[in-house]
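*Asks:* I need the structure of the sequence given here:
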Amino acid sequence: MSDGDQDEIGRAWHDVVGTARRTRAEGLVVGTSGNVSARVGDTVLVTPTGVPYDRLGPGDAVGVDLEGRQVLGDLLPTSELPLHLAVYRNTGARAVVHTHAVHATAVSTLVTEVPLVHYAAALLGGPVRTAPYARYGTQELADTMLAALRDRTGCLLRNHGTVTYGDTLDEAYDRTAQLEWMCRLWLTASSVPGRSPALLSSAELMEAKEALEGYGQPG
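*Replies:* Numbering: from 1, shown residues only. Just a heads-up that it's a prediction; the model follows:
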């Protein structure tokens with residue numbers, strides 16, 4: 001591995017750890033739950049299993065190839081490795097964030113698709129689906145997740161949590177945060193006795209999606 005490759009791996013690992021710590025600090029996970037990864041070439045850097053994020057340092061990097069063979073580090077990778085690898089093998093993702101966010105997980109137990117209570121759904125490609133339940137760490141979970149992610153950048157995992165991906169860890173994390181906020185919004189609105197939240201139509205969501213394509217600063 002060249003010095004340039006080592007530098008890129010080092011930067012990516014720093015970002016993986018920072019993002020993992022952020023998920024805990026912002027209440028999207030508790031303890032050592034959830035996991036984060038980033039792809040550098042054909043190497044996937046991923047948080048290890050059962051290690052508190054605040055204990056991880058520069059020398060604790062964990063990396064696997066796209067077949068799941070460990071190529072970097074001594075710590076064992078997250079038990080959700082099949083989930084992360086499935087995303088990288090089947091999308092153009094460069095980063096994946098998996099959390100146990102409270103409101104999103106609650107919604108996963110109630111619906112097969114997050115109701116269109118806000119145009120933030122457009123940031124994830126459309127109505128967010130819920131993947132059927134499968135035990136954590138299994139290929140079955142990875143397969144059901146992929147079906148729920150079709151044409152989307154995020155989904156719910158029934159009775160489990162969330163998965164989002166992006167071109168960067170910041171983008172993947174932002175999609176997680178938007179999904180959790182949207183689920184919290186729907187739960188709040190739907191809790192009002194005798195009232196049902198107004199929902200967006202598919203046409204209204206598409207209009208918002210097209211508008212969001214030009215959102216932000218030029219360039």
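
*Asks:* quick one: terminal-to-terminal distance for stretch 67-80?
*Replies:* Counting by C-alpha to C-alpha, to the nearest Å, you get 14 Å between the two ends of stretch 67-80.

*Asks:* got the contact list for it?
*Replies:* Outside stretch 67-80, the residues that touch it by C-beta atoms under 8 Å, 6 or more residues apart in numbering are 9, 35, 37, 43, 45-49, 51, 60-65, 81-82, 84-85, 98, 136-137, 141. Bear in mind the C-beta positions are built from the backbone N, C-alpha and C, glycine included.

*Asks:* and stretch 165-172, by the same measure?
*Replies:* Contacts to stretch 165-172, defined as C-beta under 8 Å, 6+ apart, come from residues 15-16, 18-19, 36, 38, 87, 91-97, 149, 153-154, 164, 174-175.

*Asks:* tell me the spacing between the closest residue to residue 61 other than its chain neighbours and residue 37.
*Replies:* Distances taken as C-beta to C-beta, 6 or more residues apart in numbering put residue 13 closest to residue 61, at 4.2 Å, once the chain neighbours are dropped. From residue 13 over to residue 37 the distance is 10 Å, taken as C-beta to C-beta, to the nearest Å.

*Asks:* and the residue most central in space within the chain, what helix or strand is that in?
*Replies:* Taking C-alpha atoms, centre = their mean, the centroid of the chain lies closest to residue 164, which sits 2.6 Å from it. Taking DSSP states H and E as the definition, one finds residue 164 inside strand 161-166.

*Asks:* given that strand, what are its sheet partners and their directions?
*Replies:* Using DSSP bridges, the strands paired with strand 161-166 in its sheet are strand 95-99 (antiparallel), strand 154-157 (antiparallel).

*Asks:* right, so these: which one is the most enclosed?
*Replies:* Mean neighbour counts were taken over the strands paired with strand 161-166 using mean count of other C-beta atoms under 10 Å, and the top value, a mean of 28, falls to strand 95-99.

*Asks:* may I have that one as CSV, with CA atoms only?
*Replies:* Provided in CSV are the C-alpha atoms of strand 95-99 (Å, rounded to 0.1, in the frame of the first residue of the first chain):
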residue,chain,number,x,y,z
ALA,A,95,-20.5,5.5,3.0
VAL,A,96,-23.2,3.7,5.0
VAL,A,97,-24.7,4.6,8.4
HIS,A,98,-26.9,2.1,10.4
THR,A,99,-28.6,3.3,13.6
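
*Asks:* much appreciated, bye for now.
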